[in-house]
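Undergrad: Sequence first, predicted coordinates after that:
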Amino acid sequence: MAGSSSWGSALLHISPYAFSAIGIGISIGVSVLGAAWGIFITGSSLIGAAIKAPRITSKNLISVIFCEAVAIYGVVVAIILQTKLVAATNQYSADSMRAGYALFSAGIIVGFSNLACGVCVGIIGSSCALSDAQNSTLFVKILVIEIFGSVLGLFGVIVGIIMSSQVTWTSS
């Protein structure tokens with residue numbers, strides 16, 4: 001009885017569909033959290049800097065759009081992961097367990113890379129707004145850095161798609 005109460009035994013008795021659903025939820029939920037956090041950071045600095053230089057408001061909205069893209073990455077990957085779910089005859093087979101863990105891992109990777117991406121883009125967008133209020137020639141230079149920061153989310157999306165590409169559920 002002592003061997004059946006370990007964490008490994010508990011994880012083996014959880015349905016792979018539960019792991020898949022949690023991974024899909026983490027993918028979309030944490031990505032939206034990253035986007036919201038980035039918008040909060042960027043937006044507060046943008047509003048504050050717009051008091052000194054009102055001209056920056058419309059130009060610096062691109063930073064908010066970059067943060068929104070992070071949420072869209074999570075939604076797209078959640079849809080892709082959802083399409084990978086197929087009814088299996090034996091849900092506890094090795095292929096089904098591997099598929100559940102793969103979708104769970106892909107969701108975690110996408111969610112947390114987009115969380116980091118959202119915070120990164122938010123911080124860079126904040127500095128872009130504050131710098132643009134002081135010196136308008138810095139806008140394009142910092143915008144290029146912001147584009148590089150948003151690529152972090154794309155890396156997570158690519159890794160998530162690669163991880164979920166070979167998912168097969170046991171159907172026989």
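TA: Received it, and whenever you're ready, just let me know what you need.
Undergrad: what about V75, neighbour count?
TA: 13 (other C-beta atoms under 10 Å). C-beta coordinates here come from the backbone N, C-alpha and C atoms, glycine included.
Undergrad: Relative to S31, how far out is it?
TA: 7 Å (C-beta to C-beta, to the nearest Å).
Undergrad: Could you do I47 as well?
TA: 24 Å.
Undergrad: For the two, indicate the residue with more neighbours.
TA: S31 (31 against 11).
Undergrad: correct me, but the more buried one touches L115?
TA: Yes - using C-beta atoms under 8 Å, S31 is in contact with L115, at 7.1 Å.
Undergrad: Report the contact partners of the nearest residue to S93 once chain neighbours are set aside.
TA: Using C-beta to C-beta, 6 or more residues apart in numbering and skipping the chain neighbours, the partner closest in space to S93 is T170 (4.1 Å). Contact analysis of T170 by C-beta atoms under 8 Å, 6 or more residues apart in numbering lists A88, T89, N90, Q91, S93, D95, S96.
Undergrad: How far off centre is the helix or strand bottoming out on mean pLDDT in the chain?
TA: Across the helices and strands of the chain, mean confidence by mean pLDDT, DSSP states H and E is lowest for helix 7-12: a mean of 78. For helix 7-12, the separation from the chain centroid amounts to 27 Å (computed by C-alpha atoms, centre = their mean, to the nearest Å).
Undergrad: Can you name the two of the contacts of T170 that sit furthest apart?
TA: T89 and D95 (11.0 Å; C-beta to C-beta).
Undergrad: Tell me which of those two has more neighbours.
TA: Each of T89 and D95 has its neighbours counted (other C-beta under 10 Å); D95 has more, 15 against 10.
Undergrad: sec struct for the more buried one, please.
TA: Assigned with DSSP: H, G, I helix; E, B strand; the rest coil, D95 falls in the helix class.
Undergrad: does the nearest residue to it once chain neighbours are set aside sit in a helix, a strand or a coil?
TA: Counting by C-beta to C-beta, 6+ apart, D95 lies nearest to T170, which is 4.7 Å off, once chain neighbours are set aside. At T170 the chain is in coil, as set by three-state DSSP.
Undergrad: for A87, same thing?
TA: coil.
Undergrad: Surely it is in contact with W169?
TA: Yes - contact between A87 and W169 holds when scored by C-beta under 8 Å: they sit 7.5 Å apart.
Undergrad: buried residues in the helix or strand where G23 lies?
TA: Using DSSP states H and E, G23 sits within helix 16-52. For helix 16-52, a neighbour-count test (16 or more other C-beta atoms under 10 Å) marks 16-17, 19-24, 26-39, 41-43, 45-46, 49-50 as buried.
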